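Asks: Dropping the sequence and predicted coords here.
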Amino acid sequence: KVQTVMSFHACGGNIGDDVNIPIPKWVTDLEFQVPELFYRDQRGDPSREYISLSCDELPRFPGKRWSEEEEAEAEVERNRTGLELYEDFMQAFRNETKDFARDGTLVEIQVGCGPCGELRYPSYPLSPREHYPDGWAWPGIGELQCYDRGMYLDMKKTLGRERPPILL
């Protein structure tokens, strides 16, 4: 029997973690080209645990890998959104493992999104950052990680505001 875990987040750097598996290099390599990529605190320090939810609907990621026939037919290769990345991965996984699911070998699939695999905003930097070289320490309060360009664009679209109501 096989249980599959799809972790769309970094692993490690949290309380009790003894491993460190960052998100893929091809994602972190996009950091300076895609200002919406990671959540950022009010000082601009990024949280590299997970791709910001603001990328869900923004076409900022490299396009699909085409077959030679598809590439010849495609007029322009377009970028994909964050949600399309996840969808493409899961469809490819389904296509490659459908026989295992049918015969009962593959019995469970878990999907981890967000910091520590939880679908939530990061609120405390356990890993070192420019302004917190030792990371966050308990006890302490968390802070909003919504200061990346994508979250500002989402706030403007949703609330009509350019900036959060309070900047410390």
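Replies: Nice, thanks for sending it over.
Asks: mind checking how far the residue lying farthest from the centre of the chain is from V2?
Replies: Distance from the C-alpha centroid of the chain peaks at D103, with 32.3 Å (CA atoms, centre = their mean). From D103 across to V2, the span is 11 Å (CB to CB, to the nearest Å). Heads up, the C-betas are built off the backbone N, CA and C, glycines and all.
Asks: tell me the phi and psi of the residue farthest from the centre of the chain?
Replies: With angles defined as degrees, to the nearest 10, D103 sits at phi -90, psi 0.
Asks: Tell me the pLDDT of it.
Replies: Here, the pLDDT recorded for D103 equals 96.
Asks: Give me the most central residue, the chain.
Replies: The residue lying closest to the centre of the chain (CA atoms, centre = their mean) is I51, at 2.2 Å.
Asks: ok, that residue touching I23?
Replies: Yes - the pair formed by I51 and I23 meets the contact definition of CB atoms under 8 Å, at 7.4 Å.
Asks: Any idea how many residues pack against C146?
Replies: Look at C146: counted by other CB atoms under 10 Å, it has 20 neighbours.
Asks: Make sure it is actually in contact with Y39.
Replies: Yes - counting by CB under 8 Å, C146 sits close enough to Y39 to count as a contact (6.9 Å).
Asks: Other residues contacting the helix ranked longest in the chain?
Replies: Taking DSSP state H as the criterion, the chain has its longest helix at helix 82-102. Residues from elsewhere that reach helix 82-102 (CB atoms under 8 Å, 6 or more residues apart in numbering): 2, 4, 6, 8, 51, 53, 55-61, 64, 80, 106.
Asks: List the buried residues in it.
Replies: For helix 82-102, the neighbour count (16 or more other CB atoms under 10 Å) marks 82, 84-86 as buried.
Asks: which one among these gets closest to P35?
Replies: Comparing the buried residues of helix 82-102 against P35 with CB to CB places G82 closest, at 14.2 Å.
Asks: And the closest one, what's its pLDDT?
Replies: On the pLDDT scale, G82 gets 89.
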